[in-house]
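Asks: Model the following, please.
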Amino acid sequence: MELEQNRQRLAAEGWGLCSISYDTVEILRNFAERRRITFPMLADPDSAIIRRFGLFNDQIDPSSRDYGVPYPGTFLVDAGGVVRQKIMEEHYMHRMPVATLLMRMGRTPPPVPAQGIRRLDYLEVHSSATETTLHAGNVFTMFVDIHPKPGVHVYAPGTRDYQGMHGVVEENPYLKVRDVQYAPAETLTLPVLGEALPVYSHPVRVSIDAALVSRQELQPLFDAGGTLEIHGSLRLQACDDRVCWPPQEVPLVWTFPLRPPDLDRPPDPIRHQPRG
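Replies: This is a model prediction of the structure:
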């Protein structure tokens with residue numbers, strides 16, 4: 001059901017969907033029936049297409065049943081068959097969910113529900129994410145949206161003499177934080193003080209890219225109920241034309257239900273067999 005929903009979401013953005021794997025037609029048919037998949041799944045049991053795309057995983061023992069498997073990747077192909085974009089991951093287990101993929105492509109993802117709202121006298125801070133639930137190995141993005149009240153500005157990263165905005169995610173054994181991205185700042189000129197400072201006077205978003213660990217490493221969370229809680233904080237300072245408030249450290253939290261792994265496998269007669 002989830003895969004079909006992803007196909008529909010991509011179709012709404014004008015994209016088709018197909019997959020290529022080193023599995024046989026029989027294995028793919030079994031998988032499609034179990035998961036109610038309707039998009040094309042292309043069988044490449046000799047890995048010929050996989051090799052042509054430069055995806056063949058040559059680190060696998062040739063005697064293994066996994067020999068022939070590709071490195072995971074996503075290719076965006078236009079109507080003329082030309083590859084317009086290639087998205088590869090650092091690790092074989094990492095996968096990018098559709099909402100995150102659409103955001104990285106510059107498309108409009110579905111509305112992101114706020115996970116938490118922190119209110120100060122002069123601004124609000126909302127935490128959210130591209131995904132509402134996660135699988136092991138998912139690559140996703142967490143957001144921190146800052147909404148200053150009218151007339152209030154918040155200092156951007158790199159501001160001298162003030163607390164520039166700085167997002168931090170606490171160390172978490174189930175998560176690898178990849179990057180924290182800040183929006184381009186405006187320039188606030190203060191002639192009386194001879195200052196030109198980078199600030200945000202309108203709603204602004206901080207994006208935090210992250211990836212989950214493997215299902216084996218997530219097992220303690222599955223055993224405890226299957227929920228991942230990520231903590232962080234946002235340091236900032238704000239002023240208006242009369243007041244500069246003291247620097248603040250706003251606590252943040254993101255909570256994700258974890259989807260259990262699909263460990264069903266095709267029947268033994270059609271499964272890949274060791275080659276040695």
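Asks: Helices of the stretch 151-276 of the chain, start to end?
Replies: For the stretch 151-276 of the chain, applying DSSP state H, counting those that start in this stretch gives helices covering 219-223.
Asks: Could you list the low-pLDDT ranges of the stretch 1-150 of the chain?
Replies: Residue ranges of the stretch 1-150 of the chain with pLDDT under 70: 1, 108-113.
Asks: the helices in it, which residues?
Replies: For the stretch 1-150 of the chain, applying DSSP H, counting those that start in this stretch gives helices covering 2-12, 25-35, 48-52, 98-104.
Asks: Torsion angles phi and psi at the nearest residue to residue 259 once chain neighbours are set aside?
Replies: Excluding its sequence neighbours, the residue lying closest to residue 259 (CB to CB, 6 or more residues apart in numbering) is residue 135, at 5.0 Å. (Glycine included, C-beta is placed from N, CA and C.) The phi and psi torsions at residue 135 (degrees, to the nearest 10) take the values phi -100, psi 160.
Asks: you'd agree residue 135 is up against residue 261?
Replies: Yes - with contact defined as CB atoms under 8 Å, residue 135 counts as touching residue 261 (7.2 Å).
Asks: returning to what we had before: which of the helices of the stretch 1-150 of the chain is buried the deepest?
Replies: Most buried of the helices of the stretch 1-150 of the chain, by mean neighbour count (mean count of other CB atoms under 10 Å): helix 98-104, with a mean of 20.
Asks: Dump the C-alpha coordinates for that helix into PDB.
Replies: In PDB, the C-alpha atoms belonging to helix 98-104 read as follows (Å, rounded to 0.1, in the frame of the first residue of the first chain):
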ATOM      1  CA  VAL A  98       9.300  10.200  -1.700                       C
ATOM      2  CA  ALA A  99       8.400  13.400   0.200                       C
ATOM      3  CA  THR A 100      12.100  14.100   0.900                       C
ATOM      4  CA  LEU A 101      12.900  13.300  -2.800                       C
ATOM      5  CA  LEU A 102      10.300  15.800  -4.000                       C
ATOM      6  CA  MET A 103      11.700  18.500  -1.700                       C
ATOM      7  CA  ARG A 104      15.200  17.900  -3.000                       C
END
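Asks: ok, how many other residues are close to residue 86?
Replies: 13 (other CB atoms under 10 Å).
Asks: what's the answer for the one 5 residues further on, then?
Replies: Applying other CB under 10 Å, we find 14 other residues in the vicinity of residue 91.
Asks: Tell me who's in contact with it.
Replies: 137, 211 (CB atoms under 8 Å, 6 or more residues apart in numbering).
Asks: cool, residue 55 as well?
Replies: Taking CB under 8 Å, 6+ apart, one finds 70-71, 73 in contact with residue 55.
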